[in-house]
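Participant: Predicted model follows, preceded by the sequence.
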Amino acid sequence: MEKKHSIALDYSHNNMLTLEASSYTDFTQFLFASGYKLGKIEAGFFSAMTLKDYDAIVISSPKNIKLTPQEIENLEQYVKNGGGLLLVSTRGGDYINRTNLNELTQKFGFRFVADEVSDSVNYVSLQKRQILDKFKSHYITEELQKIVLSSACSIETFDLEKNGKDVRNEVVVRGGLYCFRNVFDGQSWIEEDSPKIPLMVCVEYFKGKVFAFGSLSIFSSLGRDYGFIAFDNGIIIANILRWLILDIATEGKVITVDLQQDIYLWAKSVLEKDGWANFSSLINLSLKSLRENYANTMKEMKESQLKNGGKKTETADGKANEKVPEFFPKRKKEDLKNIKQAIEEVSGEKYESSINLEEESPEYPKDTEKIVPQEAIQQLPDDLSSLTVKELKEFCKDQDIHLPRNPKKAEIIKVIKFVIGSE
């Protein structure tokens, strides 16, 4: 049976992010829907044995209360032994919040700065709600197009004496070229330009991991244009928690792979049925197999194309399109039944077929397509991620586009692009 990963939220330092707070309902619903085992730490971090019960701990912006030296020592040891720690501050860092998170963060080679970062060009409604669309290649930034951070403080990183193979920190998200900030210099607030300023940092610390950023509003349900459901905010939070909890190595280049829908559904069912670790392990094995048989595979494909005489067909827009070689078999009635069954198993919903699979049909029947009116397509913005999840779902409902149960924003966008033919 698959282990249910556990996450604990700090309740012992006057933290604003709690499971009961109505202002964070979207984040709370995400946690429950993701199947995490949730806990609360209400008596502080004084028991090292209690901390061991959790795969990850979230400390969100303590207010007017400080961590004790014993708590700091226990948390550092927790991470060192393999725990995951998410640290969240807000505008002004420790100075505004009257706390001492930096006494903990300095153990990991960074600190929250007493400032508030804004962007004069890329923002939503207010300059302090900066839009970010440039990310370092990393597991945490997979599938991201845009996120928005509101009222965020920046992060300063530094080298530790023990830096090396056991300790590594890196900035994964920076501000844009037009960022500026109001920073407290110890006496007054000063405005200054701060292009590409660090905003999110991840740390691999011995056996454990730490992730930190300075914007609590990313969890909010109050701001639809800057909170949890805005742009890809929910995706990056999901990625952060998975990275903290799972045994994910950061070596190697992270790439985004666009899978055909039937291949994705088949792969997902294989993962669940046979207990694969993740999509990466399945894709890596597939590529290794292709590498070992590449010459023969390409030879068979070329021979098949030669048999067809290299025929080309024209698409509706007049572009030449090579005929699909016989190397890829056409779908039969049995294949369509299997695909339909796989979709139902993955989504948990029943789907009616637009063709009668029990009737005798020509050897290769024509595919049926969902047609979306051109007027509806023209009303969509070029950047679908600028729409909210609710707006995307309403478009799908109006155009009778079926979605899987509880889809993520990136999944809805992918389905829409597939249906309207832009992907």
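Facilitator: Great, that's in hand.
Participant: could you pull out the helices for the stretch 151-300 of the chain?
Facilitator: 233-245, 261-274, 279-292, 294-307 (DSSP state H, counting those that start in this stretch).
Participant: With respect to residue 387, which of the ones you listed lies nearest?
Facilitator: In terms of C-beta to C-beta, the element of those nearest to residue 387 is helix 233-245, at 13.7 Å. Every residue, glycine included, has its C-beta placed from N, CA and C.
Participant: Low-confidence ranges, the stretch 51-200 of the chain, go.
Facilitator: Applying pLDDT under 70 to the stretch 51-200 of the chain flags the ranges 162-164.
Participant: Please repeat the previous calculation with a cut-off of 50.
Facilitator: Nowhere does the stretch 51-200 of the chain drop to pLDDT under 50.
Participant: picking that back up, as a markdown table, the helices of the stretch 151-300 of the chain with mean pLDDT, mean neighbour count and distance to residue 84 would be great.
Facilitator: Below are the helices of the stretch 151-300 of the chain laid out as a markdown table (pLDDT from 0 to 100; neighbours: other C-beta atoms under 10 Å; distance: least, C-beta to C-beta, whole Å):
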| stretch | mean pLDDT | mean neighbour count | distance to residue 84 |
| --- | --- | --- | --- |
| helix 233-245 | 95 | 21 | 3 |
| helix 261-274 | 74 | 14 | 23 |
| helix 279-292 | 75 | 12 | 19 |
| helix 294-307 | 78 | 12 | 39 |
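Participant: And the host helix or strand of residue 414, what's buried?
Facilitator: If you go by DSSP states H and E, residue 414 is part of helix 409-420. Within helix 409-420, the residues scored as buried using 16 or more other C-beta atoms under 10 Å are 409, 410, 411, 412, 413, 414, 415, 416, 419, 420.
Participant: Tell me, what's the model's pLDDT at the last one?
Facilitator: What the model reports for residue 420 is a pLDDT of 79.
Participant: show me the contacts for it.
Facilitator: Contact partners of residue 420, counting by C-beta atoms under 8 Å, 6 or more residues apart in numbering, are 372, 377, 380.
Participant: ok, the last one touching residue 395?
Facilitator: So the one you mean is residue 380. Yes. Here residue 380 reaches residue 395: they are 7.2 Å apart, a contact under C-beta atoms under 8 Å.
Participant: thinking again about what came up before, any idea which of the contacts of residue 420 is the one closest to residue 93?
Facilitator: Of the contacts of residue 420, the one sitting nearest to residue 93 (C-beta to C-beta) turns out to be residue 380, at 40.1 Å.
Participant: anything in contact with each of residue 380 and residue 395?
Facilitator: 387, 416.
Participant: Compute the first-to-last residue distance for stretch 391-409.
Facilitator: 10 Å (C-alpha to C-alpha, to the nearest Å).
Participant: Can you list the buried residues in that stretch?
Facilitator: Here stretch 391-409 shows 392, 393, 395, 396, 399, 401, 403, 407, 408, 409 as buried, counting by 16+ other C-beta under 10 Å.
Participant: Where do the domain boundaries of this protein fall?
Facilitator: Here the domain parsing of the chain from automatic domain parsing is 6-245, 369-423.
Participant: ok now the last one, how far from the chain's centre?
Facilitator: Mean-position distance between domain 369-423 and its chain equals 19 Å (C-alpha atoms, centre = their mean, to the nearest Å).
Participant: swap in stretch 262-280?
Facilitator: Per C-alpha atoms, centre = their mean, the centroid offset for stretch 262-280 relative to its chain is 18 Å.
Participant: For it, output the C-alpha coordinates as PDB.
Facilitator: The C-alpha atoms that make up stretch 262-280 are tabulated as PDB, following Å, rounded to 0.1, in the frame of the first residue of the first chain:
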ATOM      1  CA  ASP A 262      -4.200   8.500 -25.000                       C
ATOM      2  CA  ILE A 263      -0.500   7.900 -24.300                       C
ATOM      3  CA  TYR A 264      -0.800  10.000 -21.100                       C
ATOM      4  CA  LEU A 265      -3.800   8.100 -19.900                       C
ATOM      5  CA  TRP A 266      -2.200   4.700 -20.600                       C
ATOM      6  CA  ALA A 267       1.000   5.700 -18.800                       C
ATOM      7  CA  LYS A 268      -1.000   7.000 -15.800                       C
ATOM      8  CA  SER A 269      -2.900   3.800 -15.500                       C
ATOM      9  CA  VAL A 270       0.400   1.800 -15.700                       C
ATOM     10  CA  LEU A 271       1.900   3.900 -13.000                       C
ATOM     11  CA  GLU A 272      -1.000   3.300 -10.700                       C
ATOM     12  CA  LYS A 273      -1.400  -0.400 -11.500                       C
ATOM     13  CA  ASP A 274       2.300  -1.400 -11.400                       C
ATOM     14  CA  GLY A 275       3.600   0.900  -8.800                       C
ATOM     15  CA  TRP A 276       6.100   3.000 -10.800                       C
ATOM     16  CA  ALA A 277       7.800   5.800  -8.800                       C
ATOM     17  CA  ASN A 278       6.700   8.600 -11.200                       C
ATOM     18  CA  PHE A 279       6.400   9.600 -14.900                       C
ATOM     19  CA  SER A 280      10.100  10.300 -15.100                       C
END
